[in-house]
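Colleague: How does the following fold in three dimensions:
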Amino acid sequence: MGRYLDRIIDRFRSQEAKGINKYGQVLEQNHGDIQYRLEHLAQELSDGLMYVEWIKENYQQMIAGEDLKQALAELERKDDVSEL
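Modeller: Residues are numbered from 1 along each chain as shown. Below you'll find the model as predicted:
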């Protein structure tokens, strides 16, 4: 497989394990109603939009003068990306 697909599969496996640790079951075993599932999806999408806005706001600053590798390393130290 290609490296992108490998990363995506790893992310799915990680998220599944995280869900099992947090909820004690895989998503398929969750019997929440549609409203519960839609609310959870809305929360996840809202988090994603917050990241998009942060990146949009900071991207020009990063490429304008900072070393991009340094900026990304700093982001990884500040934000635990695995919490997404």
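
Colleague: Which secondary structure elements does the lowest-mean-pLDDT helix or strand in the chain sit against?
Modeller: Of all the helices and strands that make up the chain, helix 68-78 has the lowest average by mean pLDDT, DSSP states H and E, namely a mean of 78. Packing partners of helix 68-78 (3 or more Cβ pairs under 8 Å, 6 or more residues apart in numbering; DSSP states H and E): none among the helices and strands. (Glycine included, C-beta is placed from N, CA and C.)

Colleague: Now that helix: buried residues?
Modeller: Neighbour counts over helix 68-78 (16 or more other Cβ atoms under 10 Å) mark Ala71 as buried.

Colleague: what does that helix contact?
Modeller: Met62 (Cβ atoms under 8 Å, 6 or more residues apart in numbering).

Colleague: any idea how far it is from the chain center?
Modeller: Mean-position distance between helix 68-78 and its chain equals 16 Å (Cα atoms, centre = their mean, to the nearest Å).

Colleague: And stretch 48-65, by the same measure?
Modeller: For stretch 48-65, the distance to the chain centre is 16 Å (Cα atoms, centre = their mean).

Colleague: buried ones in it?
Modeller: In stretch 48-65, counting by 16+ other Cβ under 10 Å, buried: Met62.

Colleague: start the count at 240, not 1, going forward
Modeller: Sounds good: first residue 240 from here, last item stretch 287-304.

Colleague: residue ranges with poor pLDDT in this protein?
Modeller: 304-307, 318-323 (pLDDT under 70).

Colleague: if you set the cut-off to 80 instead, what comes out?
Modeller: 240, 299-311, 317-323 (pLDDT under 80).

Colleague: what angle sits between the longest helix anywhere in it and helix 307-317?
Modeller: Using DSSP state H to define each element, the chain has its longest helix at helix 273-303. Here helix 273-303 runs at an angle of 140 degrees relative to helix 307-317 (axes from the mean of the first three to the mean of the last three Cα atoms, to 10 degrees).
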